[in-house]
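A.B. asks: Fold the following.
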Amino acid sequence: MAEHVAVRRNEAKHHYELFVDGVEAGHIVYRRYKYKPDAVGLIHTEISPRFEHLGLAARLVEGALTDIRECGLSVIPVCRFVRSYIDSHPEFKDLVGSLSP
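C.D. replies: Coordinates of the predicted model:
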């Protein structure tokens, strides 16, 4: 497994990016909602083929959710993988918000 894994928010690209030993290994596309400024929609998770099947998608989602929590925001889990991750990690269920007013 990799020696160093990091997740960073890239506001310019609207991505949470996963780096493995300094190489970008994947990302989650996110969206901020004008009418719901306290929510972050996690839209799509993608891991580069060379890094698949190493459990890195889960590390990416965990890093994104941790950042969202630290920012005091809620998450709208649009991505199927993110929804599945939250379902199996109850410690993040309190972050799930709604787009309803």
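A.B. asks: and the residue lying closest to G72 once chain neighbours are set aside, what element?
C.D. replies: Leaving aside its chain neighbours, G72 sits nearest to D38 (7.6 Å; criterion: C-beta to C-beta, 6 or more residues apart in numbering). (Glycine included, C-beta is placed from N, CA and C.) Using DSSP states H and E, D38 sits in strand 36-47.
A.B. asks: Could you tell me which strands that strand is paired with, and in which direction each runs?
C.D. replies: Strand 36-47 sits in its sheet next to strand 23-33 (antiparallel), strand 74-77 (parallel), going by DSSP bridges.
A.B. asks: Identify whichever of the ones you listed lies nearest to T45.
C.D. replies: strand 23-33 (4.8 Å; C-beta to C-beta).
A.B. asks: list the buried ones in the closest one?
C.D. replies: 25-30 (16 or more other C-beta atoms under 10 Å).
A.B. asks: Which single one of those is nearest to E91?
C.D. replies: Nearest to E91 among those, counting by C-beta to C-beta, is I28 at 18.4 Å.
A.B. asks: Bridged to the closest one, which residues?
C.D. replies: Under the criterion used (DSSP bridges), I28 bridges to Y16, T45.
A.B. asks: Where does pLDDT dip in this protein?
C.D. replies: Where the chain drops to pLDDT under 70, the residues are 1-2, 101.
A.B. asks: Counting residues, name the longest helix you see in it.
C.D. replies: helix 56-70 (DSSP state H).
A.B. asks: beta partners of A6?
C.D. replies: Here A6, judged by DSSP bridges, has bridge partners F19.
A.B. asks: Near it, how many other residues are there?
C.D. replies: 14 (other C-beta atoms under 10 Å).
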